[in-house]
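>>> need coordinates for the below:
(one chain, ligands or ions: 2)
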Amino acid sequence: MRRWIKLSIWALAGLAVVAGYLVMRPPKMAPPREIRVAATPEALARGKYLYEVVADCDGCHGERNWGKHLAPVVRTGAGFTFPAEMGLPGRVTAPNITSHPEAGIGAWTDGEKLRAIREGIGRDGRALFPMMPYESYRHMSDRDAEALVAYMNTLPAAPDRHPPTAVDFPVSLLMKSAPAPVEGVVPEPAELGEYLVRMGGCADCHTPKERGAPVAGKEFAGGEVFRFGQLSVVSANLTPDVETGIGRLTEAAFIQRFQEHRETAGASLPAATQQNFTVMPWLQFSQYSSGELGAIYRYLRKQRAVENKITVHPRS
Ligand code: HEC
Ligand code: HEC
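Ligands and ions are numbered 1, 2, ... in the order given. The predicted model follows:
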């Protein structure tokens, strides 16, 4: 009897050590690079394009007018706390990433910014919640990442402060395995379509998820539900399936589908309704060149066709 009690005390102590280790364990990280990014006119222009179009950073970090169709950005980089109805595991804030020294990240070094964006580590060494797409951005070329930071350094300082991210247990523990240092040189992409699909987070919205993890075999098949206030929208099937995906869409029609929103961008937008509500970054992606959109189309057409019928605008 005594012996059993002793043994279970040891077992409990062992468990406590394991639990303590999991809680205290820092994420995988390397020190930030010592670098000052070059702010050449070319780098600033490329950085702006990456920020506004290719990676649509303001999709999450911008202050947007959610009352209007396509939720245009009102103030860039000012930060946003996601509403509870989105069903995230806890309170999640995409912070102010403007050059404001206290409210934003103006006091961070360029190396700390690069590390947060591509490696998922905050200035204080914590793991960032991987809704911040650093697992995709780790493939961002060195040249692009440095151009992006050069442009971010010019974002007008916004004084906005938001409640910090507080992720619920157990996701708060599990997410510590997401960050990882970027090793060596990240070259320019070999395959443009794949690169743009990654940087644009297409799979983040178009691959359905169960308990936060993408459903295997349903890559790009659509069906993720997005709720904002009273409105909701479901992501479309982007696989080459003929009946339920983009199988019937020609490359020219695909390109047109994006570029028609170039007109919308300058016009005054109607109110958001259940029939038009969307989180698809049409305004931003309308700025892609035809060459870039063609590369995206051809990449998507190479994916496995998945039959998955979607009603993107459900009745409520
Ligand atoms: C899908 C939404 C989303 C997109 C797109 C996104 N972010 Fe984030 N980002 C977040 C969230 C959420 C956090 C906060 C995570 C946390 O606090 O754990 C974050 C954190 C950050 C941080 C750390 C800030 C801090 O104060 O700790 C930086 C820097 C950052 N993002 C830059 C960018 C840049 C640059 C882009 C575009 C290339 C971008 N993000 C695109 C959601 C996003
Ligand atoms: C923030 C989430 C989000 C991101 C990121 C996103 N999409 Fe979407 N997308 C949606 C939603 C929701 C819809 C359905 C509503 C609509 O058509 O606007 C949609 C619709 C579409 C459609 C229309 C399909 C059809 O049959 O009408 C295409 C094409 C598309 N997305 C392509 C892309 C590509 C390519 C990317 C990446 C470069 C991408 N999306 C990134 C959410 C997203």
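>>> residue 221 contacts residue 236, doesn't it?
No: contact criterion CB atoms under 8 Å: residue 221 and residue 236 do not qualify, at 9.5 Å. C-betas here are computed from N, CA, C, even on glycine.
>>> tally of neighbours for residue 14?
Neighbours of residue 14 under the rule other CB atoms under 10 Å: 10.
>>> and if you look at residue 82?
Residue 82: 17 neighbours (other CB under 10 Å).
>>> OK, contacts around the closest residue to it other than its chain neighbours?
Distances taken as CB to CB, 6 or more residues apart in numbering place residue 92 nearest to residue 82, at 4.9 Å, with adjacent residues excluded. By CB atoms under 8 Å, 6 or more residues apart in numbering, the contact set of residue 92 is 81-82, 129, 131, 165, 167.
>>> so how far is residue 134 from residue 92?
As judged by CB to CB, to the nearest Å, residue 92 and residue 134 stand 14 Å apart.
>>> please apply the same query to residue 311.
Distance of residue 311 to residue 134, computed by CB to CB: 32 Å.
>>> still on that earlier bit, between residue 221 and residue 236, point out the one with more neighbours.
Legend: neighbour count by other CB under 10 Å for residue 221 and residue 236, higher for residue 221 (26 against 22).
>>> can you give me the pLDDT of that one?
On the pLDDT scale, residue 221 is placed at 98.
>>> got a pLDDT number for residue 20?
75.
>>> the helix or strand hosting it: what's the following helix or strand?
Element membership for residue 20 (DSSP states H and E) is helix 2-24. As assigned by DSSP H and E, the chain's next helix or strand after helix 2-24 is helix 41-49.
>>> and that following helix with ligand 2, contact?
No: if you take CB under 6 Å from any ligand atom as the test, helix 41-49 misses ligand 2, and the best it gets is 13.9 Å.
>>> and the contacts of the next helix or strand after that helix?
Downstream of helix 41-49, the next assigned helix or strand under DSSP H and E is helix 58-61. With contacts defined as CB under 8 Å, 6+ apart, helix 58-61 is touched by 51-52, 64, 73, 76-80, 94-97, 131-132, 201, 279, 281, 284.
>>> partners of whatever helix or strand comes next after helix 58-61 in the sheet?
Downstream of helix 58-61, the first helix or strand assigned by DSSP H and E is strand 63-64. Paired neighbours of strand 63-64 in the sheet (DSSP bridges): strand 73-75 (antiparallel).
>>> and the partner strand, which residues are buried?
Neighbour counts over strand 73-75 (16 or more other CB atoms under 10 Å) mark 73, 75 as buried.
>>> and what of stretch 119-132?
Those would be 119-122, 127-132, for stretch 119-132 by 16+ other CB under 10 Å.
>>> with only the CA atoms kept, save that stretch in PDB.
Output of stretch 119-132 as PDB, limited to C-alpha atoms (Å, rounded to 0.1, in the frame of the first residue of the first chain):
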ATOM      1  CA  GLU A 119       9.600  33.100 -37.900                       C
ATOM      2  CA  GLY A 120       6.600  33.900 -35.700                       C
ATOM      3  CA  ILE A 121       8.500  35.300 -32.700                       C
ATOM      4  CA  GLY A 122       7.400  38.500 -30.900                       C
ATOM      5  CA  ARG A 123       9.800  41.100 -29.700                       C
ATOM      6  CA  ASP A 124       9.700  39.600 -26.200                       C
ATOM      7  CA  GLY A 125      10.400  36.100 -27.500                       C
ATOM      8  CA  ARG A 126       6.900  34.700 -27.400                       C
ATOM      9  CA  ALA A 127       5.300  32.500 -30.100                       C
ATOM     10  CA  LEU A 128       2.800  34.500 -32.200                       C
ATOM     11  CA  PHE A 129      -0.600  32.900 -32.800                       C
ATOM     12  CA  PRO A 130      -0.200  31.300 -36.200                       C
ATOM     13  CA  MET A 131      -3.200  33.000 -37.700                       C
ATOM     14  CA  MET A 132      -0.500  35.500 -38.400                       C
END
